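A.B. asks: here you go, sequence then predicted model.
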Amino acid sequence: MHSGPIVASDPAGAAPTAPVAWARWFWPAAIPLLVVDLLSKEEIFHLYRVGEQPYQGIWLAFNPGVAWSIGHRVPWLVAVVTLILIPALTWYWYRFYRTQGRCENLAFGLILGGAVGNAYDRVLSLFGRLGGVRDFIHVDLGFPPFDPWPTFNLADSGICVGFALLLLLSLRKPAAKVS
């Protein structure tokens, strides 16, 4: 009877590999964010129309570009760049950050979960099903730079939180020594 942790092994007889610790942080960040983002956009856009403000802080809008509508005149290019960046970022995370630690995997889970949520909207927009990424959270604090602030969604929030977390993590690590 085996009492230790279960580890994967190569059927060819190579040494067993360690359990995938990164998965305990990456997937619980990426999948719930993606699901909640898509469900929230589907529900709010089903109940209300674009341009409506049903509640304070909720404003429905389509964004064919990225933040501040950058690239709104070429939404197909924004979609293509997004579809190239997601696999590239996934490869970068898997190659360089996957083994770093919990926070790094959590951050990349948020970034990639959010990116896929927005990519879904961009692909639907290419086929005329949507007018761009569905945004509905509106922040207006009445002073610059928060007035006006772009309307955003939960995917955008995940991307920003993940990026901020990576930025903070980069500040805590000592710089590499140069010889």
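C.D. replies: That came through, no problem.
A.B. asks: what residue ranges in the protein score low on pLDDT?
C.D. replies: 1-19, 173-179 (pLDDT under 70).
A.B. asks: now the strands for it?
C.D. replies: Taking DSSP state E as the test, the strands found in the chain are 58-63, 133-137.
A.B. asks: in a markdown table: those strands, plus mean neighbour count and distance to residue 122.
C.D. replies: (Glycine included, C-beta is placed from N, CA and C.) A markdown table is the format used below for these (neighbours: other CB atoms under 10 Å; distance: least, CB to CB, whole Å):
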| stretch | mean neighbour count | distance to residue 122 |
| --- | --- | --- |
| strand 58-63 | 20 | 10 |
| strand 133-137 | 24 | 6 |
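A.B. asks: of the ones you listed, which approaches residue 30 most closely?
C.D. replies: Closest approach to residue 30 among the strands of the chain (CB to CB): strand 133-137, 17.9 Å.
A.B. asks: all helices for this structure, in order.
C.D. replies: Counting by DSSP state H, the chain has helices at residues 23-47, 75-92, 102-126, 154-172.
A.B. asks: just the ones you listed: most buried one?
C.D. replies: Among the helices of the chain, helix 102-126 has the highest mean neighbour count (mean count of other CB atoms under 10 Å), at a mean of 22.
A.B. asks: angle of that helix against strand 58-63?
C.D. replies: 70 degrees (axes from the mean of the first three to the mean of the last three CA atoms, to 10 degrees).
A.B. asks: many thanks, have a good one.
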